[in-house]
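Engineer: Sequence and predicted structure below; questions after.
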Amino acid sequence: MDLSTFLILFIIVGVLLTIGFMIPEVKYKIAYFMIICLLGLSVLNIYLSVVYYIQLRNDPGVPGQQGVKGPKGAKGAPGKCSYAKECGIKNARGIILDIAEQMYPEIPRGCLDNPELSKCENDQNILEQAMPVHDQIGMLEKIAYSTTMSETDFKSKLNVCLQDSKQCLDPTDF
């Protein structure tokens, strides 16, 4: 408690005691001092509650014991990559490039695979068209090497992703 707070409380108590000693009737004086005491206790209770709430609200407390272990969950689907010996689709880049070549016949396969001006018939427009498709091919290749899908399911999803790349911006959407 600050010195200024202490002085203010001291002045308030002094004023209340002075008022109490000015009351001539004994019954009223007793009632007055009882009311002042109850009021003082109530204010003190509110003050301490607020101070300790502020002090303890961010205190983490003592950690307790670990609780009872719950029941074992359901068994997962078989064929997850983390358990299998081999994952992914073999020759995924070739499959993706075949489908991309069919979807974008105006762009040469070499330009889709490695977009450089020399491989894009020295045409800047073809190079600009090939860049986003190349990025999409790279993302799809990463997905293909870690997927548990069959090759036919993967090919059907490829068509959707290569036609509208906004549907497959995130690998988790695939």
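Structural biologist: That came through fine.
Engineer: now the helices for this structure?
Structural biologist: Residue ranges of the helices in the chain, as given by DSSP state H, are 3-21, 26-56, 92-103, 109-113, 124-146, 151-163.
Engineer: Give me the domain ranges for this protein.
Structural biologist: 3-55, 92-173 (automatic domain parsing).
Engineer: Tabulate the helices of the chain (a markdown table), appending mean neighbour count, distance to Gly73 and mean pLDDT.
Structural biologist: In this view, the C-beta of every residue, glycine as well, is placed from N, C-alpha and C. Converted to a markdown table, those look like this (neighbours: other CB atoms under 10 Å; distance: least, CB to CB, whole Å; pLDDT from 0 to 100):
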| stretch | mean neighbour count | distance to Gly73 | mean pLDDT |
| --- | --- | --- | --- |
| helix 3-21 | 11 | 57 | 89 |
| helix 26-56 | 11 | 37 | 92 |
| helix 92-103 | 17 | 33 | 83 |
| helix 109-113 | 19 | 44 | 84 |
| helix 124-146 | 17 | 24 | 82 |
| helix 151-163 | 15 | 27 | 73 |
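Engineer: still on that earlier bit, among the domains of the chain, which is nearest Gly61?
Structural biologist: Closest approach to Gly61 among those (CB to CB): domain 3-55, 12.7 Å.
Engineer: Quick one: closest of the domains of the chain to Lys69.
Structural biologist: Proximity to Lys69, assessed across the domains of the chain by CB to CB, is greatest for domain 92-173 (29.9 Å).
Engineer: Could you export the helices of the chain to JSON lines, including columns for distance to Lys72?
Structural biologist: Compiled in JSON lines, these are given as follows (distance: least, CB to CB, whole Å):
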{"stretch": "helix 3-21", "distance to Lys72": "59"}
{"stretch": "helix 26-56", "distance to Lys72": "38"}
{"stretch": "helix 92-103", "distance to Lys72": "36"}
{"stretch": "helix 109-113", "distance to Lys72": "48"}
{"stretch": "helix 124-146", "distance to Lys72": "27"}
{"stretch": "helix 151-163", "distance to Lys72": "31"}
